[in-house]
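Peer 1: what's the 3D shape of this:
(chains A, B, C and D)
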2 protein chains.
Amino acid sequence: MKSVNITIKDIAKALGLSLSTVSRALKGSYKISEATQQRVKNYAAEHHYRPNLIAQRLKNKNSRCIGVALGTIPNSFYAEVMNGIESVAYEKDYMVIVTQHFESYEREVKNLENLTWRSIDGLLVSLSSETKDLSHLTKMQQQELPIVYFDRVPEHQACHKITTDNFGGAYEATTHLIQIGYQRIAHITSSPHMSISRGRLEGYYQALADHDMPQQEQYIKYCRHGGMLPEEVENALDELLKLPEPPDAIFTASDRLTMHTFTLLRKWNIAIPSRVALAGFSNFASPELLDPALTTVKQSAFEMGSLATRLMIELIESKRPVEGFQHKVLATELCVRESSAGIIAVH
Amino acid sequence: MKSVNITIKDIAKALGLSLSTVSRALKGSYKISEATQQRVKNYAAEHHYRPNLIAQRLKNKNSRCIGVALGTIPNSFYAEVMNGIESVAYEKDYMVIVTQHFESYEREVKNLENLTWRSIDGLLVSLSSETKDLSHLTKMQQQELPIVYFDRVPEHQACHKITTDNFGGAYEATTHLIQIGYQRIAHITSSPHMSISRGRLEGYYQALADHDMPQQEQYIKYCRHGGMLPEEVENALDELLKLPEPPDAIFTASDRLTMHTFTLLRKWNIAIPSRVALAGFSNFASPELLDPALTTVKQSAFEMGSLATRLMIELIESKRPVEGFQHKVLATELCVRESSAGIIAVH
DNA sequence: CCGTTTTATGCAAACGTTTGCCCAAATAAA
DNA sequence: TTTATTTGGGCAAACGTTTGCATAAAACGG
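Peer 2: The predicted model follows:
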């Protein structure tokens, strides 16, 4: 590509000034007279001068560019988060480089390496479901690269993070299922070591406990790949349904798991909710259009992205290292629909 | 962020060589002895040398970075396209900067300006529905920035593009509606000046013509913002239903329009397909789960993204300017489901 | 043994900024 | 008038590469 932009040198030549004077005039102040500043600024404006970002970056080490690592873009939750990220980035004049790790630890590591190599100003990360070892990330933090985690965050590490109220969302959904009469509520979730899985599992447990219902291991199914492999959901569901006392309701812990479960139940002609009710975390845009309309726990995905990005930019632009770590928790919204219509209503 | 990477200078110092020798050794050949090359390469590998991309870019003007301009990421079609783009970019060791224009011409222009300012190697563009004036893009092409358009492409301009067989997809869907007995088939589409709208409209017309059915203006509704404003779809649909002879089937031209129409029909309690059938372009992941299951014309979104990116990288990496322009057309897939169950079957 | 070619390497400029330091002129203080 | 201070601006190095040109050493031909 032919570069067609004018440079500081061009301005200096045209105005009979030195490079340094022009540079300083453009940034305002620093002992350059008002008159000269105006001359320079006017000339720059007239000729559409735009500083060469590459050169600036080489000098200054800042690129106004934010890297993002997430699972996969077509996931409706992440797509909405990306929307939030991009929107704030645009507003603040940053750009966004996006990478997908497809829930693979190896790919996550590679992506993050690539991103930092490209000297971005900060990193927005949602961990892969395989990730247990965080050394690649702590290394980056030690290099003082600002990192903000969202959704799937490290649990035992001081860091900035934006999360969903996983406990609360799960508690509310499970309580809802209990209150309308379901007795044997199963839970399909992802890797047990993930922050979101843990929070949701605990919310589920607490709801059972608060309503004097037993916690039964047989009703908990883990999908280690978070539903990236269709058969893991299939197996989980199959095992649940084959139990001597199969569940009368299922609470699913993530977007992908919810949709997979829903699809399988439909495919296997298992009536929802009469044979088994379904409620789950999901950010699918129109759950009310499904058959039956799906009861969902909805996360504030856009807000998660935008908050994370605002915090990120704050971190980048603050001169002094920010003291302490921020952790924001976003509320969920339970939307009750037909897929969890009460037993009472049905009988 | 503290840069912790070693530089060519470090290698040169450690090995007692000059910068130029190290640089050339790393790139292989250019009259550097095998022995030295190995020494340098080994040292570089041991110390995890990675060339500073910023510096390289300043010298060479290539960044291994591709800019993308599209409507909005949460749109399931674009999300899947992005997946294709990112996947190929990863494979070829490029990174992707993504911007959303939200179907606004102004924002498209700004985004593209920002992208080029950041000296990317190439641009993947899907035009906004407002875009008529292409001068901002032709200017970039003249600067020899490689551009590949996808989905919404300039119609009257020599350029590289990947499109869907809009004509064919629309023809097939309309023919399907005709063949199972619908008589008054309406068409809801976006801006009439867009390439995709035109192709789909023509496919629709041709299908009518080939089956000796009249083309009636009253059955064509344009949504200038492609459904970004909910009320434009609402108005369009309302007008259609209020006609003395309302349509008995609707063919919608895009993802957003299809979902909006579907939602409204459900909301207004208009039975699908008995009162009005629905078939439309959509890349929603599970249309079979809707109530009723939705007949869709599905585009190869992932493939569109991956093909566009492969072509892009080819353009970037070819030494000689590529002669001629490529235009690839991807087939659509019609999936017939309940929302267009035949009239015959219903009666 | 000398001149020429080949081979392997180094020097320095360049990419477009930023910035520490220096300096001339103007002004103020003595 | 001399000295000190302020004001406005320039020089040059630096960021980490790449690359045209120069050059020293080795190999070769005569």
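Peer 1: Quick check: beta-bridge partners of the residue in the stretch 151-300 of chain A positioned nearest to DNA strand C?
Peer 2: Using C-beta to the nearest atom of the strand, the closest approach of the stretch 151-300 of chain A to DNA strand C is made by A:H160 at 26.1 Å. All C-beta spots, glycine's among them, are computed from the backbone N, C-alpha and C. In this entry, A:H160 is beta-bridged to A:V148, by DSSP bridges.
Peer 1: next one: A:C335
Peer 2: According to DSSP bridges, beta-bridge pairing links A:C335 with A:T296.
Peer 1: is it true that it touches A:A293?
Peer 2: No - with contact defined as C-beta atoms under 8 Å, A:C335 and A:A293 do not form a contacting pair (9.1 Å).
Peer 1: More neighbours: those two, which one.
Peer 2: A:A293 (19 against 16; other C-beta atoms under 10 Å in any protein chain shown).
Peer 1: could you check the distance from the nearest residue to that one once chain neighbours are set aside over to DNA strand C?
Peer 2: Closest residue to A:A293 in three dimensions, ignoring its sequence neighbours and counting by C-beta to C-beta, 6 or more residues apart in numbering or on different chains: A:R337, at 3.8 Å. Look at A:R337 and DNA strand C: by C-beta to the nearest atom of the strand, to the nearest Å, they are 55 Å apart.
Peer 1: show me what contacts the residue of the stretch 101-250 of chain A found nearest chain B?
Peer 2: As assessed by C-beta to the nearest C-beta, chain B sits closest to A:L145 within the stretch 101-250 of chain A, at 4.5 Å. By C-beta atoms under 8 Å, 6 or more residues apart in numbering or on different chains, the contact set of A:L145 is A:116, A:120, A:122-123, B:1.
Peer 1: Likewise for A:I6?
Peer 2: Contacts of A:I6 by C-beta under 8 Å, 6+ apart are A:47-49.
Peer 1: is it true that the residue nearest to A:A293 touches A:L289?
Peer 2: No - if you go by C-beta under 8 Å, A:R337 and A:L289 don't touch, sitting 10.3 Å apart.
Peer 1: give me the number of residues near A:M259?
Peer 2: A:M259 has 24 nearby residues by other C-beta under 10 Å.
Peer 1: elements contacting the helix or strand it falls within?
Peer 2: Counting by DSSP states H and E, the element that carries A:M259 is helix A:255-267. In terms of contacts (3 or more C-beta pairs under 8 Å, 6 or more residues apart in numbering or on different chains; DSSP states H and E), helix A:255-267 is packed against strand A:185-189, helix A:230-242, strand A:249-252, strand A:277-281.
Peer 1: Centre of the chain to it, how far?
Peer 2: 22 Å (C-alpha atoms, centre = their mean, to the nearest Å).
Peer 1: In the stretch 201-347 of chain A, which residue sits nearest chain B?
Peer 2: Closest point on the stretch 201-347 of chain A to chain B, by C-beta to the nearest C-beta, is A:D291, at 3.0 Å.
Peer 1: Count the neighbours of that residue for me.
Peer 2: A:D291 has 17 neighbouring residues, counting by other C-beta under 10 Å.
Peer 1: Same check on A:S135?
Peer 2: The number of residues near A:S135, taken as other C-beta under 10 Å, comes to 8.
Peer 1: Ok, A:W117 next?
Peer 2: 14.
Peer 1: OK, contacts around it?
Peer 2: Counted by C-beta under 8 Å, 6+ apart, A:W117 has contacts B:50, B:53.
Peer 1: how much space is there between it and B:L330?
Peer 2: According to C-beta to C-beta, to the nearest Å, A:W117 stands 34 Å off from B:L330.
Peer 1: Run the chain-centre distance for the host helix or strand of A:V68.
Peer 2: Per DSSP H and E, A:V68 falls inside strand A:65-70. Its chain's C-alpha centre and that of strand A:65-70 lie 10 Å apart, by C-alpha atoms, centre = their mean.
Peer 1: Report whether the residue of the stretch 101-250 of chain A closest to chain B is found in a helix, as I expect.
Peer 2: No - under DSSP: H, G, I helix; E, B strand; the rest coil, A:L145 falls outside any helix and is assigned coil.
Peer 1: What does it show for phi and psi?
Peer 2: phi -80, psi 120 (degrees, to the nearest 10).
Peer 1: do the one 5 residues further on as well
Peer 2: Comment: the main-chain dihedrals of A:F150 come out as phi -140, psi 150, following degrees, to the nearest 10.
Peer 1: rewinding a little: residues in contact with the residue of the stretch 201-347 of chain A closest to chain B?
Peer 2: A:266, B:289-293.
Peer 1: Kindly state the pLDDT recorded for it?
Peer 2: On pLDDT, A:D291 comes in at 86.
Peer 1: Tell me if I'm right that A:V329 and A:G169 touch.
Peer 2: No - in this structure, A:V329 is not within contact of A:G169 by C-beta under 8 Å, at 10.6 Å.
Peer 1: So for the two, which sits in the more crowded spot?
Peer 2: More neighbours surround A:G169 than the other of A:V329 and A:G169, with 25 against 14 (other C-beta under 10 Å).
Peer 1: Name the nearest residue to the more buried one, sequence neighbours excluded.
Peer 2: That would be A:T332: by C-beta to C-beta, 6+ apart, it lies 3.4 Å from A:G169.
Peer 1: quick one: contacts for the one you found?
Peer 2: A:164-166, A:168-169, A:172, A:281, A:297-300.
Peer 1: let's see 6 Å
Peer 2: Residues in contact with A:T332 (C-beta atoms under 6 Å, 6 or more residues apart in numbering or on different chains) are A:164-165, A:169, A:297, A:299.
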